[in-house]
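> Sequence plus predicted model, see below.
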Amino acid sequence: MVEETVSRTTLPSPGRALLASLAIAGLTGAFAWSAPERNGWAAGALAGALILDGLAQAAGAWLARRGDGPPRIAGLPSLVLAFGPAAGLGAVLFAAALLAWPAGFPLLASALAGLIAMGAIARLVLAWIVLRIDRDPDA
């Protein structure tokens, strides 16, 4: 059943995701610097989620070098996992939302941190599942 769910394909370069993460981290740092008493906890949560996402991206890259390419979930698209390839769009939307409503940084940053962390955890669990699948040498 796991073999039917997990397929191997090549994904786009992680360079865009890194740039988007750096843009989000820069915005987060600016808001945390301007009002640390109000924005500090949300900035910390978003920074932690970005670190977790970086670890998940590194695990995916390690799996890609180890096997036939990075694993991905086949079937219905996941809103959480889709944030990785669309990270640039996420950074632009985050910046636009902050321009429209700067006082809402704690709410927007904590919501974005939750989405990023869920995607990172899903990628880490997927990597763990792929590592546990027995390889059939005849296949």
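Right, received. Where do you want to start?

> all strands for the chain, in order.
6-8, 71-73 (DSSP state E).

> Would you single out the least confident of these?
Sorting these by mean pLDDT places strand 6-8 lowest, at a mean of 48.

> Need the contact partners of stretch 105-123.
Stretch 105-123 is touched from outside by 24, 28, 31, 38-39, 41-43, 45-46, 48-50, 52-53, 55-57, 59-60, 78, 80-81, 83-84, 90, 94, 97-98, 101, with contacts defined as Cβ atoms under 8 Å, 6 or more residues apart in numbering. No exception for glycine: its C-beta is placed from N, CA and C like everyone else's.

> quick one: average confidence on that stretch?
Averaging pLDDT along stretch 105-123 gives 91.

> same for the helix ranked longest in the chain, what does it pack against?
In the chain, taking DSSP state H as the definition, the longest helix is helix 36-66. Judged by 3 or more Cβ pairs under 8 Å, 6 or more residues apart in numbering; DSSP states H and E, helix 36-66 is in contact with helix 15-34, helix 105-132.

> In that helix, which residues are buried?
Going by neighbour count (16 or more other Cβ atoms under 10 Å), the buried part of helix 36-66 is 39, 42-43, 45-47, 49-50, 52-53, 56-57, 59-60, 63-64.

> go on, stretch 92-99?
94, 97-98.

> So what's the gap between it and the chain middle?
Offset of stretch 92-99 from its chain centre (Cα atoms, centre = their mean, to the nearest Å): 18 Å.

> and it, C-alpha only, in PDB?
C-alpha atoms of stretch 92-99 as PDB (Å, rounded to 0.1, in the frame of the first residue of the first chain):
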ATOM      1  CA  VAL A  92       5.100  37.300  -1.900                       C
ATOM      2  CA  LEU A  93       1.600  36.700  -0.400                       C
ATOM      3  CA  PHE A  94       3.100  37.000   3.100                       C
ATOM      4  CA  ALA A  95       4.800  40.300   2.200                       C
ATOM      5  CA  ALA A  96       1.600  41.600   0.600                       C
ATOM      6  CA  ALA A  97      -0.500  40.700   3.600                       C
ATOM      7  CA  LEU A  98       2.000  42.400   5.900                       C
ATOM      8  CA  LEU A  99       1.900  45.600   3.800                       C
END
